[in-house]
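Peer 1: need a structure here:
(2 chains)
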There are 2 protein chains.
Amino acid sequence: MNVLREVEMPGVLVDRQLFRSGMARLAAGVNIITSAGANGRCGFTASAVCSVTDDPPTLMVCINRGSQSYEAIKANGILCVNTVAGAHEELSMRFAGANGVKDMETRFAGGEWQELVTGAPSLAGAVVSFDCRLSHQVAVGTHDVLFCEVVAVHTSEDVEGLVYFGRKFHRLSA
Amino acid sequence: MNVLREVEMPGVLVDRQLFRSGMARLAAGVNIITSAGANGRCGFTASAVCSVTDDPPTLMVCINRGSQSYEAIKANGILCVNTVAGAHEELSMRFAGANGVKDMETRFAGGEWQELVTGAPSLAGAVVSFDCRLSHQVAVGTHDVLFCEVVAVHTSEDVEGLVYFGRKFHRLSA
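Peer 2: So this is what the prediction gives:
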């Protein structure tokens, strides 16, 4: 990690509310991130997921260090990024903790799951699932960026995509 | 940067083609990343942009170290992330280097630009623009992840969003 410059840069930072309302305007796919290990299955919904490089094939996931799943994912060293389909809108709300669903097995009961390579739960009917091993992590403020190397990819054909934009879900035809 | 574990993890990595075809199924907003400095203006189109944390308000941009804009952005220490609207489809292709448009001023000629705080070009009519200073960077394979602190946010109302999914553009109503 290189600090680019130590001289004073222009401007003060925007406040959190302005940042969040701006970010609500950056459209993003909806993902359920899952893991499994000695303490069972866990998972949460995330839109802060993106490709990093195809050499080596790596994506990244941002996670709040206060998240219920954070310690388990770090300990397990594996995770599956399930990019959900239009049909998974309710499931993704459940994994976002809507209606107070904190119990992991209750979250998982709403979907159909399989395993690819690592053993992390892969969601049947997801637009795409990336089965990953963690390679390294970087802390930035309240969050960690998890860099994940991809060991398996599973896709489902003829499913609609799901995008979050303007604080609403939108469905996309492939 | 912490290496999570040094023991052998399951599986070999997927090949680049499989990774890329999987990533084409992760919907993402379309952004034109711009900068300005001693060597003039530069910019490129990126979908690998996401929120990191609101404390401090930080987003990240992945950039290939071979990109024409890479050295300039690093030297300038500032950039603007312009999340483009439906009307900017042709402009975003131009900043992606389509039809061989490598000359920067030719790219910029296709849009209307203003300045917020840092002096990086902010696109008029973008869904949202985040004016940023670089805080630090992390190298992963062929790419750098640029962590950017947000010093100004500008939004335009009543514009359609633009999403890239399944190797096609899709327009979204806000």
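Peer 1: burial measure for residue A:139, as a count.
Peer 2: Applying other Cβ atoms under 10 Å in any protein chain shown, we find 13 residues neighbouring residue A:139. The way it works is simple: take the backbone N, C-alpha and C, and place the C-beta from them, glycine included.
Peer 1: That one pairs with what?
Peer 2: On the basis of DSSP bridges, residue A:139 is bridged to residue A:144.
Peer 1: Do a quick rundown of the helices in chain A.
Peer 2: Taking DSSP state H, the helices of chain A run over residues A:16-23, A:70-76, A:89-95, A:104-108.
Peer 1: The residue nearest the centre of chain A and residue A:34: what is the separation?
Peer 2: Residue closest to the average C-alpha location in chain A (Cα atoms, centre = their mean): residue A:46, at 3.7 Å. Using Cβ to Cβ, to the nearest Å, residue A:46 is found at 11 Å from residue A:34.
Peer 1: and residue A:81, what does it touch?
Peer 2: Contact analysis of residue A:81 by Cβ atoms under 8 Å, 6 or more residues apart in numbering or on different chains lists A:31, A:33, A:49, A:59, A:61, A:129, A:130, A:132, A:148.
Peer 1: What pLDDT does the model give the third one?
Peer 2: Here the pLDDT value assigned to residue A:49 is 98.
Peer 1: give the contact list for it.
Peer 2: Counting by Cβ under 8 Å, 6+ apart, residue A:49 touches A:28, A:29, A:31, A:33, A:59, A:60, A:61, A:62, A:81, A:83, B:26, B:50.
Peer 1: now do 6 Å
Peer 2: A:31, A:61, A:81 (Cβ atoms under 6 Å, 6 or more residues apart in numbering or on different chains).
Peer 1: Pick the one among those residues closest to residue B:171.
Peer 2: Closest to residue B:171 out of those is residue A:31 (22.1 Å), distances taken as Cβ to Cβ.
Peer 1: So what's the residue count around the residue nearest to residue A:66 when sequence neighbours are not counted?
Peer 2: In space, and not counting its chain neighbours, residue A:66 is closest to residue A:142: 7.2 Å by Cβ to Cβ, 6 or more residues apart in numbering or on different chains. Neighbour count of residue A:142, defined by other Cβ under 10 Å: 16.
Peer 1: same check, this time on residue A:30
Peer 2: Residue A:30 has 29 neighbours, counted by other Cβ under 10 Å.
Peer 1: mind listing the strands for chain A?
Peer 2: Along chain A, counting by DSSP state E, strands occupy A:2-3, A:28-29, A:31-37, A:40-46, A:49-54, A:57-64, A:78-83, A:113-115, A:121-123, A:128-140, A:143-155, A:161-165, A:168-172.
Peer 1: Pull the most distant pair out of the contacts of residue A:81.
Peer 2: A:61 and A:129 (13.3 Å).
Peer 1: Among the two, which residue is more densely surrounded?
Peer 2: residue A:129 (29 against 25).
Peer 1: do you know how far that one is from residue A:103?
Peer 2: Per Cβ to Cβ, residue A:129 is found 23 Å from residue A:103.
Peer 1: what do you get for residue A:81?
Peer 2: From residue A:81 to residue A:103 the distance is 22 Å (Cβ to Cβ).
Peer 1: what does residue A:118 give?
Peer 2: 23 Å.
Peer 1: what about those two, which has more around it?
Peer 2: Higher neighbour count among residue A:118 and residue A:103: residue A:118, with 22 against 9, using other Cβ under 10 Å.
Peer 1: can I assume that one is in contact with residue A:79?
Peer 2: No - using Cβ atoms under 6 Å, residue A:118 is not in contact with residue A:79, being 7.7 Å away.
Peer 1: count of neighbours near the closest residue to residue A:12 other than its chain neighbours?
Peer 2: With sequence-adjacent residues excluded and distances taken as Cβ to Cβ, 6+ apart, residue A:12 is closest to residue B:151, at 6.8 Å. Using other Cβ under 10 Å, the number of residues around residue B:151 comes to 21.
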